[in-house]
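Peer 1: Using only what follows, build the 3D model:
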Amino acid sequence: MGHANNTGARGNGFEEHAVAATIAERLAPMLRKLGAQVDVIDFPTQSNTDDLNAAIKAANEGGYDFGISLHCDSSDNVQAHGAHVCFYPGSVKGSRLAMCIAEPLARLLPGRANTVQSRPGLAVLKRTRCPWVLCECGFITNPENAALMKDHPEAIAEAIAEGVKAYSKL
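Peer 2: Next up is the predicted model:
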């Protein structure tokens, strides 16, 4: 998942963990339908640091082929909008996964100049052994993005699943 409960972004009456959990609830069965073994790694009652460390430990012990961390961007500018996907620089598989997911996700949630970004400082990308990406599923502080998160989280999950399906064909 992403942040622990009540530790992430807030906007338009939403909290980041709750939005990510809703997307994950819809994404997991979609990925299973594609034939993937899926575990939702989430430690919502821990501090954000403890949640992050526990998630990285579980990711590294799980024997996964790849992982996806779900997040929501926020900004003081309510006009900021759009999705992007981050990967660890130098990870060819992570870069490919990010590109595959970013294409349908950014089509659903357009607005970012760079829909794929290498991010060397993000622990979940840096410290996981398998390719891992971080999906920023739009801006929780943007009314239109937040409405999509609220009313159609399955559309966000479908976009991510579409990207995973494309990645699995590479």
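Peer 1: Residue ranges in the chain under the pLDDT threshold?
Peer 2: Within the chain, the stretches with pLDDT under 70 are 1.
Peer 1: Strands of that one, residue ranges please.
Peer 2: Taking DSSP state E, the strands of the chain run over residues 10-11, 14-15, 67-73, 84-87, 116-118, 132-139.
Peer 1: How far does the first one sit from its chain's centre?
Peer 2: Computed by CA atoms, centre = their mean, to the nearest Å, the separation of strand 10-11 from the middle of its chain amounts to 17 Å.
Peer 1: Show residues contacting it.
Peer 2: Contact partners of strand 10-11, identified using CB atoms under 8 Å, 6 or more residues apart in numbering, comprise 16, 72, 74, 139-142, 146. Where C-beta positions appear, they are placed from N, C-alpha and C, glycine not excepted.
Peer 1: if we go to 7 Å?
Peer 2: Outside strand 10-11, the residues within contact range by CB atoms under 7 Å, 6 or more residues apart in numbering are 74, 140-141, 146.
Peer 1: mind listing what that strand pairs with, with the direction of each?
Peer 2: Applying DSSP bridges, strand 10-11 is found paired with strand 14-15 (antiparallel).
Peer 1: and what of the longest one?
Peer 2: Paired strands of strand 132-139, with direction, are strand 67-73 (parallel), strand 84-87 (antiparallel) (DSSP bridges).
Peer 1: Could you save those as a markdown table and add columns showing mean neighbour count and distance to L27?
Peer 2: As requested, these are exported to a markdown table (neighbours: other CB atoms under 10 Å; distance: least, CB to CB, whole Å):
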| stretch | mean neighbour count | distance to L27 |
| --- | --- | --- |
| strand 67-73 | 25 | 8 |
| strand 84-87 | 26 | 14 |
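Peer 1: Include distance to L97 when you put those strands into a markdown table, please.
Peer 2: Shown next, in a markdown table, are the strands paired with strand 132-139 (distance: least, CB to CB, whole Å):
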| stretch | distance to L97 |
| --- | --- |
| strand 67-73 | 8 |
| strand 84-87 | 7 |
